[in-house]
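Visitor: what's the 3D shape of this:
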Amino acid sequence: MNILLVEDETRVADFIRRGLAAEGWSVDHAGDGEDALEHVASNAYDVILLDLMLPGIQGQDVCRKLRARKSTTPILMLTALDSSEERVEGLKIGADDYLPKPFDFDELVARIEALHRRATGYAVDVSDTLITSGDLSFDRSSLQVTIGDKIVDLSKKERDLLLLFLTNNGRVLSRERILNSVWGLNADPLTNVVDVYVGRVRRKIGSEGERIVTLRNVGYRMT
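Guide: This is a model prediction of the structure:
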C-alpha cells in the first residue's frame, strides 16, 4: 500500500512513518499543504493521512483542492482538535474518515486498512473476541489470559503487548511498531522498554513464551 503522510511536526511524522513502514507499506512524507498537492499530482496513493493544522495551506483547503481535482484517494484527517463541528466540516468537504490526536497506533492502522478495503471493495469478517494460539487463550471481552485452565496474571501493558503478538501471529513486528502500538507516539524511540516487557511476558506465559522469537536488529515475531 502506498500512503502519503501530510504532517508538519517532524517527531510525530517520524513515528508514524516508521510505524507504517514496519507494516510493509510505502510512505511518502509532505511537511506542508503545497508539498502534499505536488506529491499527489505526481504519484498515486492508496490512502492520504492529512493533518489539519499545517503551515501555509491548511489541511481543509488541501482536501478541497484534491476533491476539486477529482481525486478519489481516501483521506483520513488527523488533528489535535476534536469538536463535532470540525468533524462534520471535514467530512462535508471530502474527507473519508477522521482521527483525533493523540490516537492509538493500532487504531490508525485499522482505519487505514478499512479505508483501503472500502475503496477496493474488499471486506473481511469481524474476528471473534476469543483468540487462541497453541495452549494460550486471550478473551478480549474479559481481558483474561489463560494457558490451558490456568489464569495468567498480566499487567495492562503486558496484556496489550501479548494481544499485539496474538493478533499479528507469524508477522514480524518492529520495535517501533510495538512501541507505537503499546506505549504511544510520544514514547522515546531509544528506550529499551519493549525488550524489558517482552522478557516479562515470556516469563509469565512459560513455555508458550518460547514462541516469541527475537529477530536481531529487526524486532520480534510470534510463531
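
Visitor: Which strands and helices lie in contact with whichever strand or helix holds Val40?
Guide: Val40 belongs to helix 33-42 when assigned by DSSP states H and E. Using 3 or more CB pairs under 8 Å, 6 or more residues apart in numbering; DSSP states H and E as the contact test, the elements touching helix 33-42 are strand 2-6, strand 26-30, strand 47-51, helix 59-68. To be clear about C-beta, it is placed using only N, CA and C from the backbone, and glycine gets the same treatment.

Visitor: Buried deepest among these, which one?
Guide: strand 47-51 (a mean of 26; mean count of other CB atoms under 10 Å).

Visitor: Can you give the domain ranges for this protein?
Guide: 2-120, 130-222 (automatic domain parsing).

Visitor: In JSON lines: the helices and strands packed on helix 33-42, plus distance to Gly199 and mean pLDDT.
Guide: Listed next are the helices and strands packed on helix 33-42 as JSON lines, based on distance: least, CB to CB, whole Å; pLDDT from 0 to 100:
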{"stretch": "strand 2-6", "distance to Gly199": "32", "mean pLDDT": "94"}
{"stretch": "strand 26-30", "distance to Gly199": "30", "mean pLDDT": "93"}
{"stretch": "strand 47-51", "distance to Gly199": "33", "mean pLDDT": "95"}
{"stretch": "helix 59-68", "distance to Gly199": "41", "mean pLDDT": "92"}
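
Visitor: Columns distance to Asn217 on top of those, output as JSON lines?
Guide: Output for the helices and strands packed on helix 33-42, formatted as JSON lines (distance: least, CB to CB, whole Å):
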{"stretch": "strand 2-6", "distance to Asn217": "24"}
{"stretch": "strand 26-30", "distance to Asn217": "21"}
{"stretch": "strand 47-51", "distance to Asn217": "28"}
{"stretch": "helix 59-68", "distance to Asn217": "36"}
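
Visitor: Those: which one's closest to Arg177?
Guide: strand 26-30 (12.9 Å; CB to CB).

Visitor: Would you mind pulling the contact partners of the closest one?
Guide: 1-7, 13, 16-17, 20-21, 36, 38-39, 43, 45 (CB atoms under 8 Å, 6 or more residues apart in numbering).

Visitor: Alright, calling it a day.
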